[in-house]
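**Q** how would this look folded up:
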Amino acid sequence: MLNLARKKLQGRKTIAVMSAKGGVGKSVVSSLLAIALSREYNTLLIDLDIHTMALPKLFGYEGSLHEVRKEGIVPFTINEKLKLLTLGGVVRNKTVILPGRNQEKVMESLLGTGAINEELVIFDLPPGLGDEILVLEKVTDFLPVVVTNPSELSVKVVKYLLDYLAELGKDPLLVANMSYIKCGSQIIRPFGNLSLHGMGRKQPQIIELPMDETLNEFIGKIHEYKGELLDGINKLSIMINERMHQT
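**A** Numbering: from 1, shown residues only. A predicted model of the protein is given here:
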């Protein structure tokens with residue numbers, strides 16, 4: 001399956017959205033980023049967070065099953081240029097608890113049997129420094145997008161992830177999610193002014209995203225979201241485009 005996954009991803013642009021810990025809004029960022037980049041590229045968003053499988057919930061496909069054809073598992077269609085492939089579309093609402101080695105096999109199988117035809121593939125990885133990153137490293141040369149928030153705990157643990165990526169020779173982009181709240185003309189920073197500069201062995205480019213209390217209204221229809229996060233997401237997509245055009 002590993003060789004098949006490698007062959008299916010060969011020649012495609014790939015991005016991996018990841019986080020050092022849970023609860024930082026990684027899946028929301030990967031969803032909105034995929035929507036933004038699909039304006040320019042035919043895009044496939046692959047949910048490799050096999051523990052929570054949040055993406056089907058965000059896009060309104062919770063409980064739905066992928067169709068299986070001769071070419072493999074057929075992704076869900078979000079719009080003309082964006083598709084979604086997820087383990088949730090295989091196991092439906094069942095809880096999946098797997099030991100480490102089996103997690104790798106599930107990831108390899110999803111990549112190897114999925115119908116992957118898009119120019120750009122975005123992976124939503126589980127939080128933490130697990131084997132999932134190593135599996136992905138074996139099959140594609142991905143651009144990492146690391147999502148954190150500016151809390152003291154998150155800043156401490158994200159440094160380990162950035163150092164780990166540096167050891168792999170990766171140059172990530174860093175998204176500081178939930179950094180501030182807009183209150184009229186004021187900017188309030190609920191986590192304080194904790195700096196994300198000087199993180200890791202090489203300072204990553206940083207994008208700050210605000211908190212948006214309207215976000216919950218778009219669970220199940222995240223592709224209809226038009227709120228405050230989009231300015232930062234669009235800046236992030238521009239940075240990614242610049243990186244991809246350099247390679």
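
**Q** drop to CA atoms for contacts and neighbour counts, all remaining ones
**A** Will do.

**Q** which one's the longest helix in the protein?
**A** Counting by DSSP state H, the longest helix found in the chain is helix 229-246.

**Q** so what does it touch, helix or strand wise?
**A** helix 26-37, strand 205-210 (3 or more Cα pairs under 8 Å, 6 or more residues apart in numbering; DSSP states H and E).

**Q** Next, the angle helix 26-37 makes with the last one.
**A** Direction vectors for strand 205-210 and helix 26-37, defined by axes from the mean of the first three to the mean of the last three Cα atoms, to 10 degrees, enclose an angle of 110 degrees.

**Q** Okay, buried residues for strand 205-210 please.
**A** 206-210 (16 or more other Cα atoms under 10 Å).

**Q** Format those as TSV; extra columns: distance to Phe142 and pLDDT.
**A** TSV is the format used below for these (distance: Cα to Cα, whole Å; pLDDT from 0 to 100):
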residue	distance to Phe142	pLDDT
Ile206	18	90
Ile207	19	93
Glu208	22	93
Leu209	23	96
Pro210	26	95
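
**Q** Check the gap between the nearest residue to Asp212 once chain neighbours are set aside and Glu67 for me.
**A** Closest residue in space to Asp212, ignoring its immediate chain neighbours: Glu228 at 6.5 Å, by Cα to Cα, 6 or more residues apart in numbering. Distance of Glu228 to Glu67, computed by Cα to Cα, to the nearest Å: 35 Å.

**Q** cool, Ile233 as well?
**A** From Ile233 over to Glu67 the distance is 31 Å, taken as Cα to Cα.

**Q** More neighbours: those two, which one.
**A** For the pair Ile233 and Glu67, the greater number of neighbours falls to Ile233 (23 against 12), based on other Cα atoms under 10 Å.

**Q** now the helices and strands packed on helix 229-246 in a markdown table, with distance to Phe218?
**A** Output for the helices and strands packed on helix 229-246, formatted as a markdown table (distance: least, Cα to Cα, whole Å):
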| stretch | distance to Phe218 |
| --- | --- |
| helix 26-37 | 10 |
| strand 205-210 | 16 |
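
**Q** Compare the ones you listed and say which comes out lowest on pLDDT.
**A** Lowest mean pLDDT within the helices and strands packed on helix 229-246: strand 205-210, a mean of 92.

**Q** elements contacting that strand?
**A** Other elements packing on strand 205-210 under the criterion 3+ Cα pairs under 8 Å, 6+ apart are strand 173-183, helix 229-246.

**Q** Could you identify which of these is most buried?
**A** For the helices and strands packed on strand 205-210, average neighbour numbers computed from mean count of other Cα atoms under 10 Å are highest in strand 173-183, which has a mean of 20.

**Q** So what's the gap between the helix or strand following that one and the chain middle?
**A** Later in the chain than strand 173-183, the nearest helix or strand by DSSP states H and E is strand 186-188. Relative to its chain's centre, strand 186-188 lies at 28 Å (Cα atoms, centre = their mean, to the nearest Å).

**Q** buried stuff in strand 186-188?
**A** Applying 16+ other Cα under 10 Å to strand 186-188 flags no residue as buried.

**Q** Sheet partners, orientation included, of that strand?
**A** Here strand 186-188 is paired, per DSSP bridges, with strand 173-183 (antiparallel).

**Q** what residues does the strand it pairs with touch?
**A** Residues outside strand 173-183 that contact it (Cα atoms under 8 Å, 6 or more residues apart in numbering) are 24-25, 144-150, 187-191, 204-212.

**Q** okay, the closest residue to Thr214 other than its chain neighbours: pLDDT?
**A** What sits nearest to Thr214 in space, not counting adjacent residues and going by Cα to Cα, 6+ apart, is Gly227, at 7.6 Å. At Gly227, the pLDDT value in this model is 95.
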